[in-house]
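**Student:** Have a look; sequence and predicted model below, questions after that.
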Amino acid sequence: MKKLTPLFINRQTKAYLFCLFTAAALITLFSRSSFLYPFNNWADTNVYMTMGREMLRGAVPYRDLFDHKGLLWYFLYMAANLISRKTFLGLYLIELFSFSIFLFYSWKLLDLFCSSLYAAAILPVLGCLIAVSDTFGMGGSAEEMHLPLAAAGLYYLIRFIRGTDDPRCKHVAFKRHIAYPILYLNGIFAGCVLWSKYSLLGFWFAWMASVFFILVFQKEWKRSLVSCVVFLLGMATVSTPCMLYLLTTGSFSDFWNTYIVINLQYASVAEHRSLAEQLRNSLHYFVMMFGWNKILGTLTMAGLAAVTIFPVYANCLAKRLILPVLFLFSAGVEFMGKVSHFYYFLTIAPFLILFFLAAGVLLCRLQTRFQSKPTAVCLCMLAASCVYGWHRSPNIPYMKYEKEELTQYQAAAIIDGQEHPTLMYYHNLIDTGILMASENAKPWGKYYFMPNISYETWPAIHEAQEEGIRNREADFIITYQYGTESLRRNYHLVRYFPSSEKDRGDSYLLMQANPYDLYTECRLEFQEDGSFSCMTGEIDWTDQGDENAWVLIGTLNRPVLAENVTVIAPDGRTPDIYLYVSEDGENWISEHVRTEFDELSLSFEPEKIQYIKVIAARNQTINGQWQLMVYEPAGAGRHPDKGE
């Protein structure tokens with residue numbers, strides 16, 4: 001092995017410093033984890049941040065909190081929380097370092113075949129095309145963190161293929177064998193993937209299979225088997241401490257049911273579907289994602305075609321087919337499931353380097369040379385990439401918001417008014433970041449959020465949340481809509497957050513556990529012909545209005561010590577209605593609060609009531625089912641949900 005000289009070390013150091021500088025510019029501008037943004041509001045990132053934060057408080061993944069990523073992934077986010085628990089600074093630094101390693105290995109690969117200036121100058125373009133793509137999202141995905149590992153794998157594999165393809169090649173960088181330490185390192189990379197998101201293992205299965213079969217075709221039987229063992233030892237190096245953690249914390253069964261069983265069911269891999277159906281499903285999702293990431297997809301496919309058709313890095317056609325196989329395994333396994341998410345397409349992003357590799361080799365063969373100074377060329381390319389990304393990234397508009405404008409901080413301000421509050425995300429709602437924004441709120445329980453997993457796949461999640469709602473175990477609930485009757489009985493609306501761009505078009509309801517118990521409820525059905533009827537409940541209703549207005553008087557069968565009366569309109573409508581209560585039918589209490597949603601609430605000091613009056617103009621469209629609920633002080637009497 002050629003002895004490394006100080007000049008060579010200095011050259012690599014300079015290259016990495018430029019990669020670090022480039023990564024800092026791109027991640028700062030285009031990841032919402034950056035300090036330029038008020039918040040990273042991607043739900044998945046906030047789930048991971050919550051998991052890491054609770055681990056620092058002693059929680060054990062899978063056993064105490066639910067999510068279905070790998071254990072190592074949560075340790076990564078625990079490290080992010082060690083740096084900062086209430087900002088995304090830790091995640092930002094991890095993203096920056098990860099992206100710099102990706103760029104560095106991309107530079108090392110390009111430097112094998114292209115001019116040094118081209119290898120460095122093209123890095124900002126490569127990084128920018130990935131960072132501003134729709135599949136990059138808001139920052140913090142497992143696919144993003146896989147970029148440096150895949151780039152390193154491509155570098156070592158292509159260097160190995162080139163060395164075996166041309167035995168006469170004397171270039172010190174090309175090797176006829178992959179050294180065992182390098183195999184061990186790549187095994188560690190595969191182990192990290194196994195314990196983070198195992199659907200990304202398609203790349204590493206094909207990677208090691210390629211190395212194995214190349215050695216077999218060279219009739220190096222012993223080395224082919226030893227290489228596999230060394231690679232597996234690398235994976236075992238990561239797996240052993242993870243297994244020890246699971247066994248010592250008594251969480252292995254929870255881990256198995258969550259990370260293995262649920263993910264297989266979630267992806268439908270456990271279902272009996274033919275290979276043709278799986279491939280057709282994968283192709284469907286891939287084409288859909290390609291449409292969302294046309295530039296990234298087109299250049300990646302063009303580069304893959306170029307290095308397959310032309311002898312860019314290998315003369316032997318069979319060896320040029322290795323990278324397409326690697327690509328197919330990477331994308332095929334990731335897109336195999338019955339669902340697909342925008343960040344899945346980021347799996348193919350490491351292969352974008354092949355386009356710039358083919359272009360660089362072509363430029364070198366055409367004897368093209370840059371005449372400018374290397375530093376000036378690199379900085380100009382970086383500046384141009386940042387300008388392009390500024391106009392292309394979907395994240396840039398989010399910079400304009402202040403923290404105080406965001407739903408996360410507005411909801412957190414309400415929640416923090418209570419001592420040691422707990423929060424549940426309900427009705428297929430994932431962690432939106434309110435726990436991150438709050439000063440003292442904690443997850444309600446193990447299933448504090450509702451992932452996109454059907455009841456049939458894992459009923460325990462849904463049943464645990466429904467039981468928690470019936471027992472009012474969570475102090476606050478954030479949801480898309482009212483949901484079940486149990487939710488309406490046991491929680492009242494505190495704040496409605498209407499749909500807006502800053503919340504990705506979603507609207508939210510913040511609900512708080514009732515400090516009182518439901519005494520009775522009834523449903524009033526208003527017909528289009530002007531008639532009405534009481535469908536359920538213990539209240540007798542009469543209409544004392546005229547042709548201009550409804551004046552409905554409801555009479556309870558006895559005086560009730562009450563504390564709140566709430567009316568909920570149908571279909572989210574907010575017609576102009578008025579609500580009154582009285583004990584004797586003459587002295588009415590009328591101070592009520594109208595929410596921004598569809599709820600009219602009248603709260604008062606506990607006192608006896610027997611009459612309820614609802615007034616509404618007849619020229620409004622109020623037909624449909626209205627729900628009216630009478631609440632009594634907590635513990636004063638019966639509570640239907642608890643069977644009392």
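**Tutor:** Cool, the structure landed. Note that the structure is predicted; figures quoted are calculated from it, not measured. Numbering: from 1, shown residues only.
**Student:** Need the phi and psi values for residue 496.
**Tutor:** Main-chain torsions, residue 496, degrees, to the nearest 10: phi -110, psi 130.
**Student:** Just give the number of residues close to residue 487.
**Tutor:** By other CB atoms under 10 Å, the residues close to residue 487 number 20. Every residue, glycine included, has its C-beta placed from N, CA and C.
**Student:** Could you list the single helix or strand in this structure with the lowest mean pLDDT?
**Tutor:** Ranking every helix and strand in the chain by mean pLDDT, DSSP states H and E puts strand 593-594 at the bottom, with a mean of 60.
**Student:** CA atoms of the next helix-or-strand element following that strand as PDB?
**Tutor:** Under the assignment DSSP states H and E, the closest C-terminal helix or strand after strand 593-594 is strand 599-617. Below are the C-alpha coordinates for strand 599-617, written out as PDB (Å, rounded to 0.1, in the frame of the first residue of the first chain):
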ATOM      1  CA  GLU A 599     -69.500  24.600  19.500                       C
ATOM      2  CA  LEU A 600     -71.600  27.000  21.700                       C
ATOM      3  CA  SER A 601     -70.700  26.600  25.400                       C
ATOM      4  CA  LEU A 602     -72.400  28.100  28.400                       C
ATOM      5  CA  SER A 603     -70.400  27.600  31.600                       C
ATOM      6  CA  PHE A 604     -71.500  28.900  35.000                       C
ATOM      7  CA  GLU A 605     -71.000  28.400  38.700                       C
ATOM      8  CA  PRO A 606     -72.700  25.100  39.800                       C
ATOM      9  CA  GLU A 607     -76.400  25.700  40.400                       C
ATOM     10  CA  LYS A 608     -79.600  23.900  39.800                       C
ATOM     11  CA  ILE A 609     -81.300  24.200  36.300                       C
ATOM     12  CA  GLN A 610     -84.300  22.600  34.800                       C
ATOM     13  CA  TYR A 611     -85.000  24.700  31.700                       C
ATOM     14  CA  ILE A 612     -82.900  25.200  28.600                       C
ATOM     15  CA  LYS A 613     -83.700  27.800  25.900                       C
ATOM     16  CA  VAL A 614     -82.300  27.700  22.300                       C
ATOM     17  CA  ILE A 615     -83.100  30.600  20.000                       C
ATOM     18  CA  ALA A 616     -82.200  30.600  16.300                       C
ATOM     19  CA  ALA A 617     -83.500  32.600  13.300                       C
END
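**Student:** pLDDT on strand 599-617, on average?
**Tutor:** The average of the pLDDT scores along strand 599-617 is 83.
**Student:** who does it pair up with?
**Tutor:** strand 549-568 (antiparallel), strand 577-582 (antiparallel), strand 593-594 (antiparallel) (DSSP bridges).
**Student:** what does stretch 576-583 contact?
**Tutor:** The contact list for stretch 576-583 (CB atoms under 8 Å, 6 or more residues apart in numbering) reads 559, 562, 565, 567, 569, 588-590, 592, 600, 602, 604, 607-617, 620, 622.
**Student:** Which other helices and strands does the strand or helix carrying residue 463 contact?
**Tutor:** For residue 463, the element it lies in under DSSP H and E is helix 459-470. Helices and strands touching helix 459-470, by 3 or more CB pairs under 8 Å, 6 or more residues apart in numbering; DSSP states H and E, are strand 422-426, helix 485-490.
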